[in-house]
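>>> please find the sequence and the predicted model below.
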Amino acid sequence: MKQARQPAQEPSQQITALYQSHAVGLVRLAFLMTGDRPTAEDVVQDAFLGLHRRWDTLADQDKALSYIRSCVLNGCRQLHRVKYRQAKFRIDPLPDRESAEDTAILSEANRAVLAAIRRLPARQREAVVLRYYLDMTADQAAQAMGVSRGTVKSATFRGLAALARMLKEAK
Amino acid sequence: MSTEDQMSIEDRVRTATRAGASLIRDVRPLAAPGPVSLRHRPGPASRRWLSWGVPLAAAAAVVAIAVGLVAVRQSGTPASSASQSATASATVPRYYAALDYDATGGIYTGPLIVGDDLTGKVIDTVSPPHGLHFVLVQGTSDDRTFVVTAGGQTTPPGMQPYTWYVLRIAPETARPFQLIKLPIKLPVSSAAIAWALSPDGRELAVESEPSASSAGDAIALGIYSVSSGAELRAWTTHTKIAQAPTKITLSWLSGGRQLVFTVSQFGAGSAYSLQLRTLDVTGAGTDMMAASRALLTVENSGPSTCDSLQITPDGGTAVCATQYAYVIGGGSNAGCANGGLEFTAYSVRTGKPVRVLYQYRGACHNGLSVLLWTDDSARYIIGTTVINVANQGGKQAVQLGVISNGHIHLLEISKSVSEGNYVIVAF
């Protein structure tokens, strides 16, 4: 019965709570994928707006975080597909101003690794970041990426090999 | 052998990703769900249209046209979820209004020019009411409504008395604009220094100062009903919060409950601070400072300073537009080329600069940047830069455009508006 349903604002409140709890983590994930903070925030915002639209159709709302993490990964993937076709406003963005603290945190060695990660093909990049940044198991990463466990293992292996090669060449 | 060489590639990935991720410490608030629009439309559109007697059918037609005309400047962008966001983010106001001051007299007696920044065409010219001249025009929360002030024929800009008008435009319709006089009157001894129309278009906030020393030194902030002209709320302060040459800004946050105003305080020499303060218009008290709280303070000294500080409608970001040696002189080409002139986004939460929106990298003797419009979170702004290449009498370069990710995309402004007035174009 319609009258027995939860108040209309409840999904918004739940989504807002989810955002408050996980937005930073998700933006970090998207930032590692895209290398650009504003874009990462856009992707996460889009994912949450998508979640809001589909909230009523989610089979298991307890799995909203898994759903949204997949949306973020998908959003980053889509972005890499289209980024070279975007013309007017997104050319060679000026990097954000970096604080002294940021500079200290991000040593040259870390910068090189992050740059190399961003040069990996999307699937390898996702697999490497999920496995070694989020410490996911192969099964968890497979679920987040929507691929098989075997694909994750092979993408991780290839990704690490490519990273080692790129970092060696960069020396 | 370096430390990196001794680490496995897995460990290097772990270390680097965690270090990179730790740079993200906060994120902007979640945008409200619904159609993505970077302009906050004032109130229910239908009610506003009805209020000025436009038939429903005409209103529907205008809405349909408006939807079709919203400026999306990334034609051909693929329709993925991320690209839709990028496309929507590129939605900037399409229409502008501008005056062209007479450089000698400082008084503009001509019409107000309403233009289309996508095509560069003039949509209409709006003549001033009989016996008056337009003084200033200011954008509101959509690109079809402007607040215009008019004064007597001999009143230069910045002097009282003003008469306020709301200009509503409906491009490509039978009635392309309406200029509606507002019944708002300030005390005779007051001069308005900043004003802002509320997001729902029903109230005008006006910050004013005494126009003569005999009138005391209190700064006043009032909220006036657009329909009746009645003063709904008022605050005052004897603190000198608006000191030249800093620019005073006054704006509403999206919800229409918070006003944000600038406080400028001078220290030793040329050092000064710009502070943004927020005032809950539903709160108690009539002391402008006691009833408000500080949001962000930017300290300034040296030739490059924050000339204006403007909050974004979502309240999360403030945009500082700098001047370089424009006010106090002493500039050098190297200083300008090294970032003396820029638009910088500050996080209101942390009080720190988080993003350089645009930085002028060329040589200049001095220069000025002016923020004309910002979207909800300063992802896209419209700004003007004025570059003086040499000393007085030298060449001046002016550019007005949409700024994002470090680049400026020039907008098509009608030739009827001289470049010298690009700093006062309203969006």
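Perfect, I can see it now. Numbers count the residues shown, from 1 in each chain, chains lettered A, B, ... in the order given.
>>> element containing residue B:385, please.
Using DSSP states H and E, residue B:385 sits within strand B:381-388.
>>> same question for residue A:140.
helix A:138-145.
>>> anything in that helix near chain B?
No: with C-beta under 8 Å from any C-beta of the partner chain as the criterion, chain B is not reached by helix A:138-145; the gap is at least 13.6 Å. Where C-beta positions appear, they are placed from N, C-alpha and C, glycine not excepted.
>>> what does the stretch 201-350 of chain B have sitting close to chain A?
So the stretch 201-350 of chain B meets chain A at residue B:344 (C-beta under 8 Å from any C-beta).
>>> picking that back up, walk me through which strands the strand holding residue B:385 pairs with, and which way each runs.
Sheet pairing of strand B:381-388 (DSSP bridges) gives strand B:366-374 (antiparallel), strand B:396-404 (antiparallel).
>>> show me how far it is from its chain's centre.
13 Å (C-alpha atoms, centre = their mean, to the nearest Å).
>>> would residue B:422 count as being in a strand?
No: assignment of residue B:422 by DSSP: H, G, I helix; E, B strand; the rest coil gives helix, placing it outside any strand.
>>> next, count neighbours for it.
Neighbour count of residue B:422, defined by other C-beta atoms under 10 Å in any protein chain shown: 21.
>>> ok, it touching residue B:400?
Yes: between residue B:422 and residue B:400 there is a contact at 4.3 Å, judged by C-beta atoms under 8 Å.
>>> the strands paired with strand B:381-388: which one's closest to residue A:26?
strand B:396-404 (22.7 Å; C-beta to C-beta).
>>> ok, now how distant is residue A:49 from residue B:24?
Noted for residue A:49: a distance of 20 Å to residue B:24, by C-beta to C-beta, to the nearest Å.
>>> tell me the mean pLDDT over the strand holding residue B:385?
What strand B:381-388 shows for mean pLDDT is 91.
>>> hmm, residue A:43 is touching residue A:31, no?
No: contact criterion C-beta under 8 Å: residue A:43 and residue A:31 do not qualify, at 9.3 Å.
>>> ok, these two, which is more surrounded?
residue A:43 (30 against 24).
>>> check whether the helix or strand harbouring the more buried one comes near chain B.
For residue A:43, the element it lies in under DSSP H and E is helix A:37-54. Yes: using C-beta under 8 Å from any C-beta, helix A:37-54 reaches chain B at A:37-38, A:40-46, A:48-50, A:52-53.
>>> including pLDDT, could these go into JSON lines?
Listed next are those as JSON lines, based on pLDDT from 0 to 100:
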{"residue": "A:37", "pLDDT": "81"}
{"residue": "A:38", "pLDDT": "78"}
{"residue": "A:40", "pLDDT": "86"}
{"residue": "A:41", "pLDDT": "85"}
{"residue": "A:42", "pLDDT": "82"}
{"residue": "A:43", "pLDDT": "85"}
{"residue": "A:44", "pLDDT": "89"}
{"residue": "A:45", "pLDDT": "85"}
{"residue": "A:46", "pLDDT": "83"}
{"residue": "A:48", "pLDDT": "86"}
{"residue": "A:49", "pLDDT": "82"}
{"residue": "A:50", "pLDDT": "81"}
{"residue": "A:52", "pLDDT": "80"}
{"residue": "A:53", "pLDDT": "77"}
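>>> among these, which two are most distant?
Of all pairs drawn from the residues of helix A:37-54 next to chain B, the widest gap by C-beta to C-beta lies between A:37 and A:53 and measures 24.9 Å.
>>> residue A:72 should be in a strand, yeah?
No: assignment of residue A:72 by three-state DSSP gives helix, placing it outside any strand.
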